[in-house]
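> what's the 3D shape of this:
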Amino acid sequence: MASGGRLFPFALVTLLLFLISPSPSLSSDDGKVNLSLYYESLCPSSADFIANHLVKAFDTDLIDIINLKIVPWGNTRIDSRTGAFICQHGEVECYLNTIQACGIEVWSDLNPHFNFIRCVERNVSEGGLQAGKISAVHQEESSNVAASKLWESCAEELKLEEAGIYECYTSGRGRELELQYKAETDQLSPPHGYTPWVAVNDQPLYDDYMNFMDYVCQAYEGGPPKPAACNSTRRGANSAIRYADEARKPRSPFWST
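Numbers count the residues shown, from 1 in each chain. Next up is the predicted model:
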């Protein structure tokens with residue numbers, strides 16, 4: 001009797017722990033779709049996509065089933081002699097790519113860093129910052145006053161602390177992040193042909209990237225019901241969507257946007 005009395009509380013505690021412990025099958029990432037965006041900050045098409053189209057995922061419940069990865073590198077190259085970045089739209093683009101890379105790390109939660117990037121790209125899309133000519137070399141110590149004011153105003157608008165961005169950029173951490181993004185972009189298969197380059201579960205959408213919501217809905221394998229946003233996609237929730245079987249040719253040479 002005495003022995004059984006001691007075991008009862010232990011059994012009760014074990015049962016309670018079992019009932020309140022989260023089930024591994026209910027992971028927040030269960031069935032989520034990987035949506036990846038490879039872009040460059042002053043590419044007009046990239047700016048338009050981020051500011052006016054990708055944001056729709058956040059305006060609906062679609063974002064609940066997405067693991068979003070944002071990669072600000074695009075068509076950037078590295079000078080073989082100096083190691084400096086050479087960006088398609090000039091040194092200002094190299095600067096903003098790096099600032100946005102810092103934003104992704106410093107404000108690591110998705111909503112703050114996406115809102116920051118979207119704010120910057122919305123200004124670019126609306127002509128708030130004109131793309132410059134192709135830069136011969138991007139000097140690390142150079143920056144652009146207009147570009148600085150632009151991202152700082154976005155941080156202020158969103159009430160985001162700017163100190164971490166300054167530290168990231170001036171310490172060289174931003175460059176390290178960009179080199180990581182370069183390596184990731186270089187590993188794309190098939191290679192990206194232009195920007196923006198959008199992929200769902202590593203499958204490129206090519207020129208159909210504007211309809212990314214359709215592809216996300218079709219790729220989702222989580223439990224029902226699907227997000228309400230999937231009921232209003234172009235092809236409908238039950239339509240078959242086929243990914244391209246072969247890599248398409250880039251629309252134009254390397255500097256294409």
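> need the next SSE after the host helix or strand of residue 58, C-terminal direction.
Taking DSSP states H and E as the criterion, residue 58 maps to helix 55-59. Using DSSP H and E, the next helix or strand after helix 55-59 towards the C-terminus is strand 66-72.
> which stretches of the stretch 101-250 of the chain form helices?
Per DSSP state H, counting those that start in this stretch, the stretch 101-250 of the chain carries helices over the ranges 110-125, 145-157, 163-170, 173-186, 212-219.
> just give me the neighbour total for the nearest residue to residue 112 once chain neighbours are set aside.
Spatial nearest neighbour of residue 112, excluding adjacent residues (Cβ to Cβ, 6 or more residues apart in numbering): residue 160 at 6.0 Å. For the C-beta atoms, the positions are set from N, CA and C on the backbone; glycine is no exception. If you count neighbours by other Cβ atoms under 10 Å, residue 160 ends up with 18.
> what about residue 69, distance to residue 116?
From residue 69 across to residue 116, the span is 16 Å (Cβ to Cβ, to the nearest Å).
> check the helices of the stretch 101-250 of the chain for me: which has the lowest mean pLDDT.
When those are compared by mean pLDDT, helix 145-157 comes last with a mean of 93.
> just checking, what packs against that one?
helix 91-106, helix 110-125 (3 or more Cβ pairs under 8 Å, 6 or more residues apart in numbering; DSSP states H and E).
> pull out the buried residues from the last one.
The reference is to helix 110-125. 110, 112-125 (16 or more other Cβ atoms under 10 Å).
> who are the packing partners of that helix?
Against helix 110-125 (3+ Cβ pairs under 8 Å, 6+ apart) you get helix 44-49, helix 55-59, strand 66-72, helix 91-106, helix 145-157.
> okay, and the beta partners of the spatially most central residue of the chain?
Taking Cα atoms, centre = their mean as the criterion, residue 70 is the residue nearest the geometric centre of the chain, at 1.8 Å. Counting by DSSP bridges, residue 70 is bridged to residue 37.
> relative to residue 225, how far out is it?
28 Å.
> residue contacts, the residue nearest to residue 68 when sequence neighbours are not counted?
Among residues not flanking residue 68 along the chain, residue 35 sits closest, at 5.2 Å (Cβ to Cβ, 6+ apart). Listed by Cβ atoms under 8 Å, 6 or more residues apart in numbering, the contact set of residue 35 reads 57, 66-69, 198-200, 212, 216.
> what does residue 108 give?
If you count contacts by Cβ under 8 Å, 6+ apart, residue 108 has none.
> low-confidence bits of the chain, can you list those?
Scanning the chain for pLDDT under 70 picks out 1-30, 128-144, 233-257.
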